[in-house]
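1. what's the 3D shape of this:
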Amino acid sequence: MNSERKQFYSSKTWQDCRNAYYKSKGGLCELCLAKGLYNPGVIVHHKTHLTPQNYNDPSIALDFNNLQLLCRDCHARQHKAEKRYKVDELGRVIFLDE
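-> Numbers count the residues shown, from 1 in each chain. Okay, here's the model as predicted:
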């Protein structure tokens with residue numbers, strides 16, 4: 001994981017935003033819930049992906065309108081075409097751009 005990305009995701013600002021968003025969605029995957037399924041959400045996903053150019057833009061990085069709470073399967077489907085990472089057999093995310 002590049003240092004800017006790591007710094008952002010470990011920041012108190014992101015952690016507070018992530019936790020507040022998680023609570024606002026009741027801990028359920030938004031895409032599953034739209035299908036009538038009740039699966040726990042575990043990843044707060046950025047709809048507009050973060051880049052080195054927008055990590056410091058709160059309207060992208062911290063705006064609830066740009067976030068989705070997803071289960072691991074839905075999150076993997078959101079990124080499948082991009083091949084940015086893979087998920088190992090234990091559910092750990094391995095970034096391919098490292």
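
2. okay, helices next: where are they in this protein?
-> Ranges of helices in the chain, per DSSP state H, are 3-9, 12-24, 30-34, 58-61, 72-79.

3. take the ones you listed and lay them out in TSV including mean neighbour count and mean pLDDT.
-> The C-beta positions use only the backbone N, C-alpha and C, and glycine is treated the same way. Output for the helices of the chain, formatted as TSV (neighbours: other C-beta atoms under 10 Å; pLDDT from 0 to 100):
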stretch	mean neighbour count	mean pLDDT
helix 3-9	13	86
helix 12-24	13	97
helix 30-34	16	96
helix 58-61	14	94
helix 72-79	16	89
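
4. residue 48 is nearest to which of the ones you listed?
-> helix 58-61 (5.5 Å; C-beta to C-beta).

5. export that closest one as PDB, just CAs?
-> This file holds the C-alpha atoms of helix 58-61, laid out as PDB (Å, rounded to 0.1, in the frame of the first residue of the first chain):
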ATOM      1  CA  PRO A  58     -13.000  16.000   1.900                       C
ATOM      2  CA  SER A  59     -15.800  16.200  -0.700                       C
ATOM      3  CA  ILE A  60     -14.400  12.900  -2.100                       C
ATOM      4  CA  ALA A  61     -12.600  11.200   0.800                       C
END
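
6. now do that helix: which elements does it pack against?
-> Using 3 or more C-beta pairs under 8 Å, 6 or more residues apart in numbering; DSSP states H and E, no helix or strand is in contact with helix 58-61.

7. now that helix, how far from the centre of its chain.
-> Here helix 58-61 is found 13 Å from its chain centre; the criterion is C-alpha atoms, centre = their mean, to the nearest Å.

8. same question for stretch 34-46.
-> 11 Å.

9. hey, what's the residue most central in space within the chain bridged with?
-> Relative to the mean C-alpha position of the chain, the nearest C-alpha, by C-alpha atoms, centre = their mean, is the one of residue 45, at 2.4 Å. Note on residue 45: beta-bridge partners residue 68, judged by DSSP bridges.

10. which one of the helices of the chain lies closest to residue 50?
-> It is, among those and with distance given as C-beta to C-beta, helix 58-61, at 6.0 Å.
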